[in-house]
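Peer 1: Got a predicted model here, sequence first, then my questions.
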Amino acid sequence: MGIFVGFHKTDVTPKTGGIPLSGWGATHLRLAATVEDPLYCSVTAIGNSQKAEFIIINLDLINIPTDKVLRLRNAIFEKTGYDHEHVIISGTHTHSAPDLSSKLDTIETYLKFLENEIPDCVLRAAADMKPATIYYGKNEIGNKGMRINFVRHYTMTDIEYKDHPQDGPVYYSGNNFGFEYLAHPEKYIYTGHESEADPEVQLVEFRRENADSILLVNFQSHALLSSGIACTVMTSDFPGAVCKKLNEDIPNTQAVYIQGCCGNINPFTRIREEALLGIDFDPYRPNDDCDCDWRAYGKIIAAYAKEIHDFKLTKSESNEFKYARKMLGLPCDHSMDAKLPEIEWVLEKYDKEGNTPETIKAALTAGLISPYQATAIRTRSKLPETMDLELNALRFGDTAMATAPVEHFDQTGRYIKANSPFKLTLMQCYSCGRFAYLPADGTCMEGYERNNTFFKPGTAEIVRDAQLDLLKTLI
């Protein structure tokens, strides 16, 4: 018995205008003005015989909200017969694609378009099943201290912390400074980033007889290079650029980008071309009023992935396919519910005045980092006591893939990969739902992600261990 794999890809770029882009923070306010790179739906059908048993769908979207996953699965079942438990739907996490959580009419139109297109793509992938041989490999981009991704948490340290140890190192994320620093900026100095991000590119290749090979490419970095406030282009960001470049450079290959555990990882780099593999451009150069050249960044990842493909692949000794699924209940965080009266006051000012100095001061007075945090707390207050997360694990011979509907932190992904029973484990976040950040315990206590999660501290470790347990059932 061996593995069979089918594949089909279709263009799912919106056909109409007025599409809100996903963004982050203030960049949620953008409407797409132009389409710079097409968005795709890539479907990989897989099984132990000519008949597909499982459907893996990857979309060039930031994520797919849980209720929208249900709608798409219903549409797939009605047209193809594949039930919910045999279909996973994931996003590449591009921040410059349609925001499926928006309530604008244009998004409802786009969803109906997806409900029509994706089932057809599934049928074509299932009709394309061919015997396959599995290969796998991994590589690190750059060298220590010279990477193209980084953990965005850093410390601001009290200048006199030796005399006041309780005011020592404080963790922050990006530009989201904590209350204490904003109240007394003269007391603090930047003292460094928390850690280096996971630099691995991982590949699983399905080589098929008389058909294109399917190449799953796994890396971890926020796909937000085309999501600056002034950038109104619709793009697949660097994940799309990775796939395009690999398809061009490796004949008879279809690449699929698998987004890893990048909840606290950003993509910006100051590395120039001489430090990277075969690159003759500067990935930090702005592009079309955006933060960075996402196409150049994607080509870097593709260059390292191609090196794996050409020189570092190992043939899997096993050709077995298995899968497992688990629903995991997690406790929601209601620890700030008592602050709702103060928070409503902050949000009222924010709605009337915008993000003014007075509004920021009101947020700080309420003990918040920003008015945006007030919105997050109000959202959490409306959540139930627990919420169910869908976890999936898939075995491809000597390799596997673990999926979760969250933004895992870097250290969570590293832990799962290191403790998995398989020789290589792809990490797929943003899969089968959207449940925001899942910070690992003990990291960045004052950071943006910690204040914008749905769940209580410690739940990252619960999910991590559940994913490992699920992987072990596939041995």
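Peer 2: Nice, I can see it. Residues are numbered from 1 along each chain as shown.

Peer 1: Using neighbour counts, pick out the buried residues of the helix ranked longest in the chain.
Peer 2: In the chain, taking DSSP state H as the definition, the longest helix is helix 105-126. Using 16 or more other CB atoms under 10 Å as the test for burial, helix 105-126 gives 106-107, 110-111, 113-115, 118-126. All C-beta atoms are positioned from the backbone trio N, CA, C, and that covers glycine.

Peer 1: now stretch 405-421
Peer 2: Neighbour-count burial for stretch 405-421, with 16+ other CB under 10 Å as criterion, is recorded at 405-417, 420.

Peer 1: which residue ranges form the helices in the protein?
Peer 2: With DSSP H as the criterion, the chain has helices spanning 66-80, 105-126, 179-183, 237-249, 294-311, 340-353, 357-365, 371-381, 410-419, 459-472.

Peer 1: tell me the mean pLDDT over the last one?
Peer 2: Translated: helix 459-472. Per-region confidence: helix 459-472 scores 97 on mean pLDDT.

Peer 1: what's the answer for the third one, then?
Peer 2: Averaging the model's pLDDT scores along helix 179-183 yields 62.

Peer 1: I'd like to know which of the helices of the chain has the weakest mean confidence.
Peer 2: helix 179-183 (a mean of 62).

Peer 1: Settle this for me: residue 333 is touching residue 455, isn't it.
Peer 2: Yes - using CB atoms under 8 Å as the test, residue 333 is close enough to residue 455 to be in contact (5.6 Å).

Peer 1: who has more neighbours, these two?
Peer 2: A direct count of neighbours by other CB atoms under 10 Å for residue 333 and residue 455 places residue 455 higher, at 24 against 19.

Peer 1: Pull the contacting residues for that one.
Peer 2: 330, 331, 332, 333, 387, 435, 438 (CB atoms under 8 Å, 6 or more residues apart in numbering).

Peer 1: if you set the cut-off to 10 Å instead, what comes out?
Peer 2: By CB atoms under 10 Å, 6 or more residues apart in numbering, the contact list for residue 455 reads 330-333, 380, 383, 386-387, 389, 406, 435-439, 462-463.

Peer 1: Buried subset of those residues, written for PyMOL?
Peer 2: Buried residues within those, by 16+ other CB under 10 Å, are selected in PyMOL with:
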select buried, resi 330+332+333+380+387+389+406+435+436+437+438+439+462+463
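
Peer 1: Can you get me a residue count around the spatially closest residue to residue 409 that is not a sequence neighbour?
Peer 2: What sits nearest to residue 409 in space, not counting adjacent residues and going by CB to CB, 6 or more residues apart in numbering, is residue 440, at 4.3 Å. Using other CB under 10 Å, residue 440 has 24 neighbouring residues.

Peer 1: Confirm for me that residue 440 is in contact with residue 410.
Peer 2: Yes - assessed by CB atoms under 10 Å, residue 440 is found in contact with residue 410 at 8.1 Å.

Peer 1: so what sits against both of the two?
Peer 2: 261, 263, 264.

Peer 1: Just name the closest of the residues you listed to residue 81, please.
Peer 2: Proximity of the shared contacts of residue 440 and residue 410 to residue 81 was ranked by CB to CB; the top entry is residue 261 with 33.2 Å.

Peer 1: Any idea how many residues pack against the closest one?
Peer 2: Number of residues near residue 261 (other CB under 10 Å) recorded here: 30.

Peer 1: List phi and psi for it.
Peer 2: The phi and psi values for residue 261, taken as degrees, to the nearest 10, are phi -90, psi 90.

Peer 1: list the contacts for the residue nearest to it when sequence neighbours are not counted?
Peer 2: Spatial nearest neighbour of residue 261, excluding adjacent residues (CB to CB, 6+ apart): residue 413 at 2.8 Å. By CB under 10 Å, 6+ apart, the contact set of residue 413 is 197-198, 200, 218, 220, 260-263, 265, 402, 404, 425, 427, 429, 440, 464.

Peer 1: for residue 58, same thing?
Peer 2: By CB under 10 Å, 6+ apart, the residues touching residue 58 are 9, 40-44, 88-92, 216, 239, 243, 256-259, 428, 430-431.

Peer 1: pLDDT at it, what is it?
Peer 2: The predicted structure lists residue 58 with a pLDDT of 98.

Peer 1: ok, what's across the strand from it?
Peer 2: Listed beta-bridge partners, residue 58: residue 42, residue 90 (assigned using DSSP bridges).

Peer 1: circling back: so the longest helix of the chain versus helix 66-80, what angle?
Peer 2: 40 degrees (axes from the mean of the first three to the mean of the last three CA atoms, to 10 degrees).

Peer 1: now for helix 105-126, which elements pack on it?
Peer 2: strand 4-11, strand 40-47, strand 54-59, helix 66-80, strand 87-91 (3 or more CB pairs under 10 Å, 6 or more residues apart in numbering; DSSP states H and E).

Peer 1: rewinding a little: let me have the helices of the chain in CSV, extended by distance to residue 16.
Peer 2: As requested, the helices of the chain are exported to CSV (distance: least, CB to CB, whole Å):
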stretch, distance to residue 16
helix 66-80, 18
helix 105-126, 6
helix 179-183, 42
helix 237-249, 20
helix 294-311, 24
helix 340-353, 29
helix 357-365, 35
helix 371-381, 29
helix 410-419, 37
helix 459-472, 37
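
Peer 1: closest one to residue 205 among the ones you listed?
Peer 2: Closest to residue 205 of the helices of the chain, according to CB to CB: helix 294-311, at 6.9 Å.

Peer 1: residues contacting residue 206?
Peer 2: 3-7, 44, 46, 130-135, 212-216, 254, 396-397.

Peer 1: List the residue ranges of the stretch 151-300 of the chain that fall below the pLDDT cut-off.
Peer 2: 160-183, 190-192, 268-292 (pLDDT under 70).

Peer 1: ok, now with 50
Peer 2: Across the stretch 151-300 of the chain, the ranges flagged by pLDDT under 50 are 270-275, 278, 280-281, 284, 288.

Peer 1: Please give me every residue in contact with residue 196.
Peer 2: Residues near residue 196 by CB under 10 Å, 6+ apart: 144, 145, 146, 147, 149, 150, 151, 410.
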